[in-house]
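>>> predicted model and sequence follow; I will ask about them next.
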Protein chains: 2
Amino acid sequence: MRLSELSARAGVPVATVKYYLREGLLPAGERVSATAADYDDVHVERVRLIRALVDGARMSIAGVRRVVEAIEHPPSSWHDFLGAAQAAISDDTPQPQDCDRARYAVEQLGWGDSAHAHTVALLQSALDTADRAGFAVPAERLVAYGSIMERVAEIDLESLVTDTEGQGPSAALRHVAVGTVVVDPVLVALRRLAQAHLSAARFGATS
Amino acid sequence: MRLSELSARAGVPVATVKYYLREGLLPAGERVSATAADYDDVHVERVRLIRALVDGARMSIAGVRRVVEAIEHPPSSWHDFLGAAQAAISDDTPQPQDCDRARYAVEQLGWGDSAHAHTVALLQSALDTADRAGFAVPAERLVAYGSIMERVAEIDLESLVTDTEGQGPSAALRHVAVGTVVVDPVLVALRRLAQAHLSAARFGATS
């Protein structure tokens, strides 16, 4: 298909598709003349993916590039996947000087051996933000939240195994990177709905 | 204290504090001369709150304004708090045309009576984004995530009650709005750490 059809099928303006091509987020089409190239379904799917990451998950172009590169060059072993996928979706996390509190919670949860430094920094950075907002999260509560999020991660891993069975490493890496990023807002929305449910049960109906 | 001291104590440039004053996010100081006003600790705390919401939680200025207004004019009854706080922190959620899938999950979870339309829309919008990224979340998995997030919400509500006991409605509303927004990234980081832990246990050490 030509650029105009790719644009129409992916639901993204031609100028935006050209921008993705220039930025290297989208592989070049097969050149058919001096001014035209041919694209296929892989391009349509890639444009939709970029769009969802930018618009839906509010990722930066640099972040999207890391995800795309990781999908194109997945690690060869299963156990390196998660690290590669998580590194790809980590936006330029600020590096807090002192990650003691995050590290302490990670140790309490028994996650110390597997914790990547950039994810520990992500947690510490979130705790620092909460502090600055005048909303400190006590260590005990942090560990309680962690135990619950481990059950979320169990579903994540189970779905990785069942959804990508028999598919290649690219599909698995895509599942981890994209699945993590796009499910975050789903969990955030579910948390608010659960709060409303419990609040209504405890304090009375919220009309 | 003068503007320069407020700026120094909150760790925010004078120009930024002036911007917050112009935008009405920060109450005016007590005028002491034609060119100077006096500020107090309430101003310092408010500037830190705005900063954390904008920088840390990446809220829009419009969103911060809603939070600040809700804190200044809290509802008079406990059971209206959550709705007011959640409305304040909802960025301009896109209104999906069809919220059937979100509504179905909410009903399955037994949350139907308390679910605010804007939070259901937030969930549907997150599901639509996941679809566009080629990562559909099956209904069964969505309900499983929801049951787990209800346990997160239990901790949220318990901490609301213990942390704000004996304080006024403003403190409680601040707790719900700020606590929800700043704890989201903490949960997101914990999810990634838990994934790494379970992945290492299942697929081998991730060095």
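Now that the structure is in, tell me what you want to look at. Residues are numbered from 1 along each chain as shown, chains lettered A, B, ... in the order given.

>>> contacts and neighbour counts: CA atoms only from here.
Fine.

>>> what residues does the closest residue to A:Arg2 other than its chain neighbours make contact with?
Nearest residue to A:Arg2 in three dimensions, chain neighbours excluded: A:Asp38, at 5.3 Å (Cα to Cα, 6 or more residues apart in numbering or on different chains). Taking Cα atoms under 8 Å, 6 or more residues apart in numbering or on different chains, we find A:Asp38 in contact with A:Met1, A:Arg2, A:Leu3, A:Gly29, A:Glu30, A:Arg31, A:Val32.

>>> and A:Asp38, its phi and psi?
A:Asp38 adopts backbone torsions of phi -110, psi 140, taken as degrees, to the nearest 10.

>>> partner residues bridging it?
Note on A:Asp38: beta-bridge partners by DSSP bridges are A:Glu30.

>>> now do it, the pLDDT please.
Looking at A:Asp38, its pLDDT reads 94.

>>> repeat for A:Asp92
What the model reports as pLDDT for A:Asp92 is 61.

>>> quick revisit: of the contacts of A:Asp38, grab the buried ones for ChimeraX.
Applying 16 or more other Cα atoms under 10 Å in any protein chain shown to the contacts of A:Asp38, the buried members can be selected in ChimeraX as follows:
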select /A:3,29
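
>>> of all residues in chain A, which one is nearest the centre?
By Cα atoms, centre = their mean, chain A has its centre lying nearest to A:Val181, at 2.2 Å.

>>> what separates that one from B:Gly134, distance-wise?
From A:Val181 across to B:Gly134, the span is 12 Å (Cα to Cα, to the nearest Å).

>>> so where is chain A shaky, pLDDT-wise?
For chain A, the stretches with pLDDT under 70 are A:56-57, A:77-80, A:91-94, A:204-207.

>>> where exactly do the helices run in it?
Along chain A, the stretches classed as helices by DSSP state H are A:3-10, A:14-23, A:41-51, A:61-72, A:78-89, A:100-108, A:117-132, A:139-163, A:169-203.

>>> would you turn these into CSV with distance to B:Arg191?
Listed next are the helices of chain A as CSV, based on distance: least, Cα to Cα, whole Å:
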stretch, distance to B:Arg191
helix A:3-10, 31
helix A:14-23, 30
helix A:41-51, 22
helix A:61-72, 18
helix A:78-89, 11
helix A:100-108, 12
helix A:117-132, 10
helix A:139-163, 5
helix A:169-203, 9
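
>>> out of those, the one nearest B:Ile89 is which?
Among those, the nearest to B:Ile89 by Cα to Cα is helix A:169-203 (10.5 Å).

>>> helices or strands next to that closest one in the packing?
Using 3 or more Cα pairs under 8 Å, 6 or more residues apart in numbering or on different chains; DSSP states H and E, the elements in contact with helix A:169-203 are helix A:61-72, helix A:78-89, helix A:139-163, helix B:78-89, helix B:117-132, helix B:139-163, helix B:169-203.

>>> now the first one: buried residues?
Using 16+ other Cα under 10 Å as the burial criterion, the residues of helix A:61-72 that qualify are A:Ile61, A:Gly63, A:Val64, A:Arg65, A:Arg66, A:Val67, A:Val68, A:Ala70, A:Ile71.

>>> next one: the fifth one
By neighbour count with 16+ other Cα under 10 Å, helix B:117-132 contains the buried residues B:118-132.
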